[in-house]
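K.L.:
model the structure of this input:
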Amino acid sequence: MKHVVFILALFAGPAQADIVLPNGKVIECFCTDKTGGRVELGQSICLYVNGRAFMARCEMSLNVPMWRETGESCTTSFVDRLKQLSPRADPGGVHS
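P.N.:
Purely as a prediction, here's the structure:
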């Protein structure tokens, strides 16, 4: 039984993203951003959905490219949050 599991594990390599048809034509798999721009598999971008900004990575799921949330905040939303938390600088009556 251990040999069967080992043999199956050898054949369980990473799935290829591009699909080759019998005629040799390659169907490329990729995600698109909100403007229709191409985003390659494995790339991460900041997505804005229902007023929420989050980082998502383009991945394959059941032979379909899809966006998977990474759990990280977008850099811009992190900077906006820092601006809200930090006190505003007050020059203390210094005039030029």
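K.L.:
hey, let's count contacts and neighbours off CA atoms from now on
P.N.:
Will do.
K.L.:
partners of the lengthiest strand in the chain in the sheet?
P.N.:
When the chain is parsed with DSSP state E, its longest strand is strand 52-61. When sheet partners are counted by DSSP bridges, strand 52-61 sits next to strand 44-49 (antiparallel), strand 64-69 (antiparallel).
K.L.:
helices along this protein, start to end?
P.N.:
Listed in chain order, the helices of the chain (DSSP state H) span 2-11, 75-85.
K.L.:
and the shortest one, average pLDDT?
P.N.:
Confidence over helix 2-11 (mean pLDDT, whole number) is 43.
K.L.:
possible to save the strands paired with strand 52-61 as JSON lines with distance to residue 31 and mean pLDDT?
P.N.:
What follows is the strands paired with strand 52-61, written out as JSON lines (distance: least, C-alpha to C-alpha, whole Å; pLDDT from 0 to 100):
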{"stretch": "strand 44-49", "distance to residue 31": "10", "mean pLDDT": "90"}
{"stretch": "strand 64-69", "distance to residue 31": "6", "mean pLDDT": "91"}
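K.L.:
nearest to residue 56, out of those strands?
P.N.:
For residue 56, the closest of the strands paired with strand 52-61 is strand 64-69, at 4.2 Å, according to C-alpha to C-alpha.
K.L.:
buried residues of that closest one, list them for me.
P.N.:
For strand 64-69, burial by neighbour count (16 or more other C-alpha atoms under 10 Å) applies to 65-67, 69.
K.L.:
is it correct that residue 47 is in contact with residue 67?
P.N.:
No. Using C-alpha atoms under 8 Å, residue 47 is not in contact with residue 67, being 9.2 Å away.
K.L.:
which neighbours do the two share?
P.N.:
Shared contacts of residue 47 and residue 67, defined by C-alpha atoms under 8 Å, 6 or more residues apart in numbering, comprise residue 56.
K.L.:
let me see the contact set for residue 71.
P.N.:
Counting by C-alpha under 8 Å, 6+ apart, residue 71 has contacts 54-56.
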